[in-house]
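S.K.: sequence-free structure coming up:
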C-alpha cells in the first residue's frame, strides 16, 4: 500500500517535470533576436533602441549616404561617370521613375525609421518611461521626435512640391504617427505639405523642450540630438517654408549677436578655424551639430551607398576604393571665379590623371567610414543671414557679418562688408552661392533650389528642369502606390 | 447460412481424417532452386502441418480429403498447391518483393496491403539499389503513380524535385515528409557551399528494403500537420531467420554529359562577332574587331570550353552486407563505399556508410531492437556550377562559362601561364575588344574549392511488450544527428576571390533531432468477423540547429590556401541558433468486417513550437473505407475479375514547414557609431499556423485473370487553404518585413492509373510490364486579395523575372514578353507590347529612327518586362513510367521509360546562346537575317544586342514544350548458373550492365527538358537557365551472394 503511494507520487513528479519541459520546448525563446515584449525591460535596452532610431535613419540608403547623394547629383555640380542605373544615374538625368531603386529604397528606409520612432514612443508610454526614469525618458522621447521630424522633413524635399507651391497645400506624405507591428489595413492618404510641416515643427518644439543641453562627450554631442540640434533643424525647416522671421527667432537662440558667432548655451557650436578638420577623424568638432557616425568593422554604409565611393576617385590612390561615380561639373560651382584658388574648400577638389575633377571631402576610403554630415553650424549662420536679408530686405550688416564669417574662415583673403553688396538681392545671391560652395556634396543643393522655386540648371546632356516640370520632384514609390490604395502619385 | 456451411465443412474434414490418410513428400525451393529450410507446410484449412528440413525436404501425412497444401516461408509469398492424386509436391516459392509486398508501412506500424484503405504506392528497394545515384529519390522517377521526380541537372547530389500529386504550397516546402525507420529525417540541400548536399544521400540506397509513399489523407493523416506533401516511409533492411547471408554488390560507372549545345567555332565566332560590330557601326579594323590568335602549336586557337568544364566521370561503389538470425534474433549489417565523379570537373561525391539493424524477441512478451546508421559524405566542387538555386547568373557559373566564353582564346597563354587580365576576366588575346569572357574557368577550377562534408547518424531503439495477445505496447526513441562542415576557398588571383584578394569561409552547422514515441495498440477479433485494431500514441520531436563559421579575406600571401592560413580580415559567418518542438497525440481505428468491409479513422493533434501563440494546436483527421467487392457472394466474375476493391478517403492534414520563429516579433541588433542598437526587425504573426490540405481520394484496385493483370486507379482532389504568404504592406507602414500570414488557396486534382501484367510467363521466358500514368492540374484560387495581391512574380536567381503565380493560373506559370518573329525587311525583332501592338527593335537606330518603333514608323515606348504576360504552364499535366522486365533463362533485361507531358520549359540558356555581346553563340545564329527578304527566326546581328533574343528580359521565343519520353534506365544482367556457383561455393552471382538516361525523345532544344535551375522551388519550376547539362551513365556491376 505504502509502495503504491510512493509510486503515485513519483509518477506525479515525473509527469509534472515532463509537462514543464514540454511547455518550455513548445514556447522557445530565440537566443539571437530579442522578443519585442522585452525591448523595454531594462534602461540599457531602451538606450540601445534610442541609438537604433538614429541607426535606422543612418542607413546608407537614406541619411547615411544616398539621400545626400541624390540631392547633390540631381542639381548641377556633378557629372555622372559610370552610367550605372544602380548608382543614381536616373536621379542625375531625371529619368527616375516610380520603380527606381532611388524612389523605392529611400522611401522605405525613411518610413522604417519613422515607424521605429513611433514604436519607441508607444513603448516608452507603455512601460519604458518608468524603466528609464523621468529625466532620461524625457530625453529619449525628445530624441525620437527629433528623428521622426528629420525623416519627414527629408522625405518632403524629394517627394513633395516645395512649400511655396500653393503655400503648403499640395500633397505631402502619409503621416504615420502610430507604431505598426501587425497585419492590418495600412491604406492612408497623403497629408498636405503644410500638415506634414506642422507635425515636424510640433515634434521639434517638443524635442527642444525634452532634449538635454549637452551630452557627456563630443561624440554624443555630434551623433545624438541635443537642444541646439533641434533648434538648428528648425532654422532649416522654417527656411524651407519661407518663414524667415521664425528662422531668425530660432537661430538667435544659438547664434551670438556678434562675431565670433557661437552658441552660448548648450553645446558650444562654433566654426572651426580650418574647415578640413570638420571632415577628418574624429569628426566631432563643435561645428558638426549632427553627423551620422561610421566605424570600421560592421558599422559601414554598405555597398554603393558611401559618399566617398560616389564622389571620390581611386585615381592616384586619392581615395582608396572610391569609384568616381560622379566627377565635378567643370561648369558648376567650381567654375565660380570668386571662389578663390586659395580657399581651403578648394583643397577638397582632386584633379585626376584624366583631367577630371573629383570631390574628396570624404577621403577615408574603403570601407568609407567618414561621418555623414547632417547639420553644420555654418548652415545655421547662413540660414540666419539669408532670413535677415529677406525679412529686412536690405544689405543687413549682421547678415554680411555672418556670410563673411563663413567665407573668411576658409578664404582669409576675403572679408565681406556692407559695401561689398549693391543691394539685398546681391547679398542673397552671395549667400546662396556661399551655401553652394560650403555644402558641396552635403545634400543641400537640390533643397536650396527647390525651396526657392529656382530652375535646376542643365548639365552635360541633361536639360534644365524648371519648377513647373513634373520631374522637379520625384515620383512616389511604386510599392507605396501598389499597396496603399489611398496614396496618389506626384 | 455461412456458419452452417463452415460447421458442415469442419465435420466433413473431421470425418475425412477418420476415414483415410496419405503421405506427401517433396522439396521446397526458392525461385532459383535453392532449398528452403524451415518453410511451413500446412494442410489448407487445418492446423495440420510440418516444417521443411535443412535441405528443404518434408514429409507430411494428410487426410485423404485434404484438398490443398499451403507452403510458406519467411520473405516468401505463400503458395497453395492442390493435392489431387499426387504424393510428391515440390513447389518453388517466390520472394515477397517479386509479387506484391504483403505488408506496408502506415506510420507507427504496418498493415496488410489488402487491408489498407488509404492510397499508398510502393517502390521496392531493388528498384533503387545498384544505381549510380547519390540518393534514392533520384531513382524512383516513373516507378509510382502520383510521384513526380525531376532530376534538376548533372550536379551530383542535387536534390530532385519530388512532388506527390502536384505542388502543394506557395511559400513553404512541397517536399514530402521522409520517415526513415520511424524517424522523420532532414531533407533538401543542407550544405552551404557550391556542392549540392542532399541530406537524403545519407541513406545508402542498397540498404533500403522498401519505400512506401502515402498519398491521400487516409494514409498520411497519422502525420498530421506534416502530411500535406505526402509521407514517404523508408524501411531499411533487416535480417531474416536462417543461416547468415553475405551479399556483395559492386559497380563501376562512366558518366558523360549529353545534349550540350552546338557552338560556333573560333572562325565562326570571329566572323559573326565582326558582323555584329559592322552592323552596330563600331567595327574598326585597327581598334575594334575580333580576330583569331595563333596558338603555341602554330594553329589558330579554337578552344572547346566544354572540354575545360566537363569531363568523363568515373565512379564506383562497393557494398557488403551480412544478415541472418534465428527465431529469436535477427541482424543486418552493411558497409558501403562509393566514390562518384560528376560530369563537371572536381564535382565529386563520396560516401562511407554503415548500417546495423538488430531485432530480438527473447520471449513471448518482449520484443526489442535497435538501429545504428552512420554515413559520412564528401560533397565536392571547385566553384559554383551555376546550377543550384540562386546560382543561375553567378559570374563563375560553370554551366554558362562553358558556352559563353569566346572559342578564339585559350585557357593558357603561350608561356603556359593562365590567360587572365587585370580586370578579373579572361584575356582577350588577339581580339581588339574590351572582353571576350567572364572568368577563366580553367583557373578557378584548378585553384578554388567549395565543399560540404557531412556526418550523419540515424539511430533508434525500441522495446515492445505484449502483456496479452491482443495488446501491444511500444516505446521507440530515435535520433537524427546531422553535422555539416562547409569549406570554401577562393584564390585571390582571379575569380570570385579577386576583389577581396583571396577569400575563405568555413562554417559548421549542427542539426540534432530526437523523436520519442509511445504507442499502445489493441487488436481484437469479435465474433470472428469483426476485426478491430485500435492505436493510441503520443510523440515528441525536438530539433535544434547550431551554426557558426568564419570568413577570412585578403590573403597575406598566395602561399596560403585554407582558412587556417594568413589573412588580414576576419568576419563571422553562418551564425544560427534555433530550435523547434512538436508534441503530438494520435489515434487510429481500423475495423474490418469479414475481410470485406474496411473502415479506418485517424485523428492527430499537433502542438508545434513554430505556430503562433493563438494557434498552438492543430487537429488533423481522416476517414476512409474500402470494400472488397469480389468477396461478396453475388460476385460471379471470378474468372475475369478475380479481385476488386473500391476505396475512398477524405481528411485534412497540414504543412508546418514554416520558419521556427516566423510567428514572433523581434528586435535585432545593430551598431550606431560602434555602439550597440536595438531596432524592430521582424513583425511576426501570433495567428500563424499550418497550411491546411483537404484531400479526397477515390480509387479501385482490381486483379484480372487470376492476378495476371492488376490495375489500380484513383481520382484525387486536394484543396489547400491557409497557404502562407509573406504579405507586403505599404512601405509607409514602416514594417520591417512582409508579414507571413495564412491567406492563399490552391488545388491539385488528377487521376492515377497503373497496370501491371505478365504478358509472357513461361519457364524460360517471362515478361513483366507495368505502366503508370498520373495526371495533375494545379490552380491558384486565391492569393492575398485582402491586401490587393492577386499575382506574385518570381525571379530566377534574383535577376530574371521568369515566373508568375496568379489567381486562375497554375503555380509558377512562365512570365514572358511576346514576340512576333523577325521582320523580313529589316531583320529587326518584332515584340508585342502590353497593348498588343507590334513594336520593332533595333539596338542602333539609323538617323531619324528609334530603338523601339511601331510598324508605322512612329516611336514606341520601350518594350520591357512590363509587357510580359502569363504564358505557359510549367507543371507536368501527365507523367509516369513504363517498366519492363524480361527474363530469358539466366538473363534479365530491365527497361524503365519515364515520361512527362503537358508542360513548358523556359530555355533561358537559349537567350544567352544568341546574346550579341562578346558571348559565344549556338550555331543557330548562322541562320541569322542578313538581307531584306530573309525569312528567319534569328534577327540581324548587332553587337551589344542583348534585347532581341531574350537576355535583357525573358521572351516567348525561348519557351518550349517540355514533353519527353526518356529511357531512364536499361539493365541487362546475367545470373551465373548453379553448377558454377556450386563450384565456387557461392549461392548466387549476377553480373550486370546498366545505362541511365540512354535515350530521350523530345522536341525541347536544350540539353534535357527534365531540368530545374531553381531547385525544388514551388514558384519557379520549368526554368533552364545557365545550368550544367545532365549526365548519361553506364555501369558494370557484380552482385554475389554467399
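M.R.: Received it, and whenever you're ready, just let me know what you need. None of the values given here were measured: they were computed from a predicted structure.
S.K.: leaving out chain neighbours, which residue sits closest to residue A:162?
M.R.: Of all residues not flanking residue A:162 in the chain, residue A:450 sits nearest, at 4.7 Å (C-beta to C-beta, 6 or more residues apart in numbering or on different chains). Every C-beta, even on glycine, is put in place using the N, C-alpha and C of the backbone.
S.K.: could I get the pLDDT score of that neighbour?
M.R.: At residue A:450, the model reports a pLDDT of 98.
S.K.: and residue 43, how many neighbours?
M.R.: All of this refers to chain A. 15 (other C-beta atoms under 10 Å in any protein chain shown).
S.K.: to clarify, I was referring to chain B.
M.R.: Per other C-beta under 10 Å, the neighbour tally for residue B:43 reads 23.
S.K.: state the distance from the residue lying closest to it once chain neighbours are set aside to residue B:47.
M.R.: Leaving aside its chain neighbours, residue B:43 sits nearest to residue B:66 (4.6 Å; criterion: C-beta to C-beta, 6+ apart). For residue B:66, the distance to residue B:47 (C-beta to C-beta, to the nearest Å) stands at 12 Å.
S.K.: looking at the two, which is more packed in?
M.R.: The residue with more neighbours, out of residue B:66 and residue B:47, is residue B:66; 21 against 6, by other C-beta under 10 Å.
S.K.: who touches the more buried one in this structure?
M.R.: Going by C-beta atoms under 8 Å, 6 or more residues apart in numbering or on different chains, residue B:66 touches B:16, B:43, B:44, B:46, B:48, B:83.
S.K.: that older thread, quickly list what's touching both of residue B:66 and residue B:47.
M.R.: Both residue B:66 and residue B:47 lack any common contact, where contact means C-beta under 8 Å, 6+ apart.
S.K.: run through the residues that contact the residue nearest to residue A:162.
M.R.: A:157, A:162, A:467, A:472, A:473.
S.K.: what helix or strand is it located in?
M.R.: In this assignment (DSSP states H and E), residue A:450 forms part of helix A:445-451.
S.K.: could you find the closest non-adjacent residue to whichever residue of the stretch 51-200 of chain B sits closest to chain A?
M.R.: Nearest residue of the stretch 51-200 of chain B to chain A (C-beta to the nearest C-beta) works out as residue B:171 at 15.2 Å. Distances taken as C-beta to C-beta, 6+ apart put residue B:724 closest to residue B:171, at 4.8 Å, once the chain neighbours are dropped.
S.K.: contacting residues for that neighbour?
M.R.: Going by C-beta under 8 Å, 6+ apart, residue B:724 touches B:169, B:170, B:171, B:172, B:658, B:688, B:691, B:740, B:741, B:742, B:743, B:744.
S.K.: tell me the domain ranges of the chain?
M.R.: In the absence of a named chain, chain A is used. A:42-211+A:466-490, A:294-370 (automatic domain parsing).
S.K.: nope, chain B please
M.R.: Each domain of chain B is listed here as a residue range: B:2-98, B:103-244, B:818-867+B:919-949, per automatic domain parsing.
S.K.: out of the ones you listed, which is the most enclosed?
M.R.: The highest mean neighbour count among the domains of chain B, using mean count of other C-beta atoms under 10 Å in any protein chain shown, belongs to domain B:103-244: a mean of 24.
S.K.: any idea of the mean pLDDT for that one?
M.R.: 94.
S.K.: near chain A, which residues of the stretch 451-600 of chain B? Just list them.
M.R.: With C-beta under 8 Å from any C-beta of the partner chain as the criterion, the stretch 451-600 of chain B meets chain A at residues B:540, B:542, B:575, B:576, B:577, B:578, B:579, B:580, B:581, B:583.
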